[in-house]
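Student: here is a sequence with its predicted model. Questions after.
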Amino acid sequence: MKALIVGGSGFVGGYLAQDLKKVGWSVAMTMLSSEKAPEGHDVYPLNILEQAQIADILRCLCPDVIFHLAAQSSVGLSWKNPALTVDVNIKGAVNLLEAVREIPDYQPRILLIGSGEEYGYVLPEEVPVSENIKVRPGNLYAATKVAQNLIGNIYAKAYGMPIVMVRAFNHIGAGQKTGFVVADFCKQVAEVEAGLREPVIQVGNLSARRDFTDVRDVVRAYRLLAEKGKSGETYNVGSGHAVGIDELLAQILSLSEAKIRVEVDAKRLRPIDIPVIEADIAKLKGHTGWKPEIPLRETLQWTLQFWRKNPEIFR
Ligand code: GDD
């Protein structure tokens, strides 16, 4: 199988490429020309806002499967830069689908990666959330991912394109940038341990509950969905268990010998923060046989270890 990962330079792309190669797929990826290409990968420069560039790459490679990861993926940043989020997440998806349509008789499998945030204001009786409940997005980022999901459905129905939609819940691990809660917390703990900051950790809203999965489990789910997911359908990818951000912080702090004080930083609080997001993963399990394998504590340990080795990066 030949895969193209559109937007391969982010946190998930490298792990997905590794997973696919491990089972014998050939893999190419795209990234912005301004980004540094990782070694050992077949990389094509691409700005997702340029449909003609996408079509050129597709004509040249003709991948069997396209994983669409290119996105503005930070909820926090979407409050600060809504226009960029709309452009990349909505226009980018349409450009990709139109570029595929431009090529006669070309029917690649396409995975559109959306988000658990799409569910938004979930009612207590709807938790854990299954794919068919009403979505009520509570932020700009989530709204763009809802739009992408609707667009994917329309293209699948109208043009018979084999598109599978994913709603990925929080995924974490080594290499994730700051701006996401586990990276933010682990980086600060590593800095305290290295004597680079006072023994105080700045946090945002600790009362929310989120569903965290190790990125290596997540990319395995993406591969299985590319192989076995039904066209025109949406699948949740998550652990199936929500954890309080306060519990998450306690677990991270318990992995360190340092005595660290916790301080709420008002800049980290969001205008709206959905209280609980937890996935029902019965459909994914039923259609693919996937289940999460890596325990949360092991992922936190791995991520903290990454920051201990790299306290200076992503400053
Ligand atoms: N980032 C961050 N930094 N979040 C914090 C902090 C902090 O210091 N302190 C508390 N939080 C809270 C946030 O308010 C939120 O309730 C929760 O921790 C998780 O925040 P993020 O890690 O930023 O993730 P997210 O849930 O907003 O979005 C992530 O998950 C989505 C799927 O559910 C992202 O990975 C999205 O791309 C993804 O689609």
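Tutor: Arrived safely, thanks for sending. Numbering: from 1, shown residues only.
Student: could you use CA atoms for every contact and neighbour count after this?
Tutor: OK.
Student: quick one: buried residues of stretch 114-130?
Tutor: The neighbour-count check on stretch 114-130 (16 or more other CA atoms under 10 Å) flags 114, 115, 116, 117, 118, 119, 120, 121, 122, 128, 129, 130 as buried.
Student: between the two ends of that stretch, how far is it?
Tutor: Chord length of stretch 114-130, first to last residue, is 14 Å (CA to CA, to the nearest Å).
Student: need the contact partners of stretch 21-35.
Tutor: Contacting residues not belonging to stretch 21-35 are listed as 1-9, 13, 17, 20, 37, 41-47 [CA atoms under 8 Å, 6 or more residues apart in numbering].
Student: state the pLDDT value of residue 38.
Tutor: Looking at residue 38, its pLDDT stands at 75.
Student: please disregard the earlier target; I meant residue 313.
Tutor: 68.
Student: residues in contact with residue 129?
Tutor: Neighbouring residues of residue 129 by CA under 8 Å, 6+ apart: 119, 122, 277, 278, 279, 280.
Student: any idea what it is bridged to?
Tutor: Taking DSSP bridges as the rule, residue 129 bridges to residue 279.
Student: look up the pLDDT of it for me, please.
Tutor: At residue 129, pLDDT is 97.
Student: can you give me the buried ones in the lowest-mean-pLDDT helix or strand in the chain?
Tutor: Least confident helix or strand of the chain, by mean pLDDT, DSSP states H and E, is helix 75-80 with a mean of 92. Residues of helix 75-80 classed as buried by neighbour count (16+ other CA under 10 Å): 75, 76, 78, 79.
Student: mind giving me the packing neighbours of that helix?
Tutor: helix 140-159 (3 or more CA pairs under 8 Å, 6 or more residues apart in numbering; DSSP states H and E).
Student: contact partners of the helix it packs on?
Tutor: Helix 140-159 has contacts (CA under 8 Å, 6+ apart) with 72-75, 78-79, 82, 85-86, 89-90, 93-94, 97, 112, 114-115, 117-118, 120, 135, 137, 161-165, 231-234.
Student: change it to 7 Å
Tutor: 75, 78-79, 82, 85-86, 89-90, 93, 114-115, 117-118, 137, 161-163, 165, 232 (CA atoms under 7 Å, 6 or more residues apart in numbering).
Student: stretch 182-195 now?
Tutor: With CA under 7 Å, 6+ apart, stretch 182-195 has contacts from 172, 176-178, 197-199, 201, 252, 258, 303-304, 307-308, 311.
Student: and the helix or strand encompassing residue 67, does that touch the ligand?
Tutor: Following DSSP states H and E, one finds residue 67 within strand 65-68. No: remark: strand 65-68 sits outside contact range of the ligand, by CA under 6 Å from any ligand atom, the gap being at least 13.5 Å.
Student: quick revisit: what about the ligand: which of the buried residues of helix 75-80 touch it?
Tutor: Restricting these to those near the ligand by CA under 6 Å from any ligand atom leaves residue 75.
Student: for the helix or strand that contains residue 226, packing partners?
Tutor: Here residue 226, judged by DSSP H and E, is contained in helix 215-228. The contact analysis (3 or more CA pairs under 7 Å, 6 or more residues apart in numbering; DSSP states H and E) places helix 215-228 against helix 11-22, helix 282-288.
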